[in-house]
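Chemist: Structure, please.
(2 chains)
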Amino acid sequence: MFYREAGDFKVSYQEDSQTFPIKFDRFRYYVVMAVAFGLIPFLINDYWANAILLPFLIYSIAAIGLNILVGYAGQVSLGTGGFMAVGAYACYKLMTAFPEVSMFIHVILAGGITGLVCVLFGLPSLRIKGFYLAVATLAAQFFLVWLFNRVPWFYNYSASGQINAPERDTFGIIITGPNASAWATYLFCLIFLTFCALVARNLTRGTVGRSWMAIRDMDIAAEIIGVNPLKSKLTAFAVSGFFIGVSGALFFAIYLGAVEVGEAFGITKSFLVLFMVIIGGLGSIFGSFAGAAFLVLLPVLLKVVGVDVLGWPTDIVAHFQLVIVGALIMFFLIVEPHGLAQLWRVAKEKLRLWPFPH
Amino acid sequence: MLDQSDSYVTEDGRTIGGVVMEMQNITLRFGGVVAIQDISFDIREGEIRAIIGPNGAGKSSMLNVISGFYIPQEGKVLFRGKERPPMRPYEVAQQGIARTFQNIALFEGMSVLDNVMTGRLNYMKTNMFQQAIWKGKAEKEETENREVVEKIIDFLEIQAIRKTPVSRLPYGLKKRVELARALAAEPKLLLLDEPMAGMNVEEKEDMSRFILDVNDEFGTTIALIEHDMGVVMDLSDRVVVMDYGKKIGDGTPDEVRNNQDVIDAYLGVSHD
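Modeler: Next up, the predicted model:
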């Protein structure tokens, strides 16, 4: 009815290549942005921030980053946890070395450093692909975690081997440490997510994105058309590394506050983000959001249902969570291998014709 | 005999210029297998040059040598009078050589429009940071290139499917989209590897028309491999015939048709 293209004419190529070509989509996007920036900061409390919103925002950034690498450029990576750790430790070192500099700069620099590290570990992709590349990035995961555990310089020689986020502010508002208020941390992460999503969208709809996808779909043909595979693969690693580094820095500084590297950024983190990307939909920015939301919300939902509604003991619910999440992942992959984004696309196509399917 | 830089006018009134691409004594080996043995021929500006031969004759290998995918062990490739050093395929593409593939090599996950737009990659000059900002240079560049691409889409009559994912298209249309992608690069030399393989008569007629139109309207030099003799004889100005990696004939369709070696290769020869 209201969701359709009829009558929504495009008169220029700019209009045709915009992010939300359909008017209703565009409107919905503005509403979401208005609610996210204008309404939620006033309603938020610590529970909502820590249980749902912060992890959602941060994992979304990580998922977008990994989606660029796996979904758009077709380079499988299992090193996400390790690269997030690079972001976290880079941020920590910067925070402690330059306490007076704004957190914005620290987080962006941490992303940049991770991008460089990611390019370094992406070099094997020029020679190997598929499973073999996955194993090479797995090496990155284990090496980086080992490095941050074993070299005391990274954790400033603290006795526990942990890193703790000291209290830092940006524009006079405290955003790290125990005194940070929920709305400030939320807004800080939201700004980064918005920035990352916009950049990802702009890159993927233009030349850079097309050369990534060309390499993904058929690397030989891509090279004969004029895609430089070296440049294209390494930019994918760099951009992906930047996003993952930003998310790692936020995960440590804003969300957790204190980090033990093997626990927070272990191999399970790599798989978690990879699941988000696969469930959400490879090669879709929206899918990254959907996948992150799904895997962040589902455990919370199951906990609420299990503990609060059904009154089961917490440990049983915790174990059931694993079983149910695992089963749901399998179910999703069988029913819709292209993820939530594809379900959404199909639903939209149906809606366009509804209620007159012919 | 024509000289390197001579030009002449064909019967149907097209002007064929001097030599653009010259292959000199090309030999290509894979281990002990000799795929191409000491072959020389040239391609003139504005002509349609066909390479024919039975299966396994080395035609596709020849095309791969031209497009830089294989580097021959011996011999020289001269492009526009200059010897071409061994280079990567994307560098060859930047020189203005585009090609299509025997088995369609489109980017299945992308829409038709995006596939054709990738053909414009060599014209895209904005860097990644400008792309990330999008507004301004990147958007302007995208729009300009989109206009060129839309002209090609119009030309090949694939307007209706421009937003369709390539994986949903039937075979004949995919071939056409692949031609569109190659044309989007505005190549000086267009290589077509069996553009009509697996098509029915009607689709072959369409494709032939497009090939002639491309040659006529854009003045593109075309080198093509094709098995359908009727098509080859109708379309091409000159034909190279290969068999077992050797050149057995070279000339106008009529000359080739009456060449005894060619007849032997195609019809077989009695050994008595």
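
Chemist: How about the contacts made by A:R210?
Modeler: For A:R210, the contact set (C-beta atoms under 8 Å, 6 or more residues apart in numbering or on different chains) comprises B:M110, B:D114, B:M117, B:T118, B:L121. In this view, the C-beta of every residue, glycine as well, is placed from N, C-alpha and C.

Chemist: just the residues you listed that are near chain A?
Modeler: B:M110, B:D114, B:M117, B:T118, B:L121 (C-beta under 8 Å from any C-beta of the partner chain).

Chemist: how about the strands of chain B, start to end?
Modeler: Using DSSP state E, the strands of chain B run over residues B:8-9, B:15-16, B:19-30, B:33-44, B:48-52, B:74-79, B:82-83, B:97-99, B:189-193, B:221-225, B:238-243, B:246-251.

Chemist: Next: the stretch 251-358 of chain A.
Modeler: A:258-259 (DSSP state E, counting those that start in this stretch).

Chemist: tally of neighbours for the closest residue to B:L183 other than its chain neighbours?
Modeler: Spatially, and ignoring its direct neighbours in sequence, B:L183 is nearest to B:I152 (5.1 Å; C-beta to C-beta, 6 or more residues apart in numbering or on different chains). By other C-beta atoms under 10 Å in any protein chain shown, 22 other residues sit near B:I152.

Chemist: my read: B:I152 touches B:A182, true?
Modeler: No. If you go by C-beta atoms under 8 Å, B:I152 and B:A182 don't touch, sitting 9.7 Å apart.

Chemist: How about the residues of chain A by chain B?
Modeler: Counting by C-beta under 8 Å from any C-beta, chain A sits next to chain B at A:12-14, A:17, A:199, A:202-203, A:205-208, A:210-211, A:213-214, A:216-218, A:220-229, A:235, A:239, A:283.

Chemist: Can you tell me which of the strands of chain B is most buried?
Modeler: strand B:97-99 (a mean of 27; mean count of other C-beta atoms under 10 Å in any protein chain shown).

Chemist: Tell me the residues of the stretch 101-250 of chain B that contact chain A?
Modeler: Residues of the stretch 101-250 of chain B lying near chain A (C-beta under 8 Å from any C-beta): B:101, B:105-110, B:114, B:117-119, B:121-122, B:124, B:126, B:128, B:131-134, B:138-139, B:141-143, B:146-147, B:150, B:181, B:185.

Chemist: follow-up on the earlier one: now do the contacts for the residue nearest to B:L183.
Modeler: With contact set as C-beta under 8 Å, 6+ apart, B:I152 has these partners: B:V116, B:A180, B:L183, B:A184.

Chemist: Give me the buried entries from those.
Modeler: Among the contacts of B:I152, those buried by neighbour count (16 or more other C-beta atoms under 10 Å in any protein chain shown) are B:V116, B:A180, B:L183, B:A184.

Chemist: Take those and lay them out in JSON lines including pLDDT.
Modeler: Formatted as JSON lines, these follow (pLDDT from 0 to 100):
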{"residue": "B:V116", "pLDDT": "93"}
{"residue": "B:A180", "pLDDT": "93"}
{"residue": "B:L183", "pLDDT": "92"}
{"residue": "B:A184", "pLDDT": "92"}
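
Chemist: Could you check how far whichever strand or helix holds A:M95 is from the centre of its chain?
Modeler: Using DSSP states H and E, A:M95 maps to helix A:80-97. Chain-centre distance of helix A:80-97: 16 Å, with C-alpha atoms, centre = their mean, to the nearest Å.

Chemist: Report all helices and strands that that helix contacts.
Modeler: helix A:54-67, helix A:103-122, helix A:131-150, strand A:163-164, helix A:229-250, helix A:261-264, helix A:267-280 (3 or more C-beta pairs under 8 Å, 6 or more residues apart in numbering or on different chains; DSSP states H and E).

Chemist: quick one: the second one to chain centroid distance?
Modeler: Taking the mean C-alpha point of helix A:103-122 and that of its whole chain, the gap between them comes to 15 Å (C-alpha atoms, centre = their mean).
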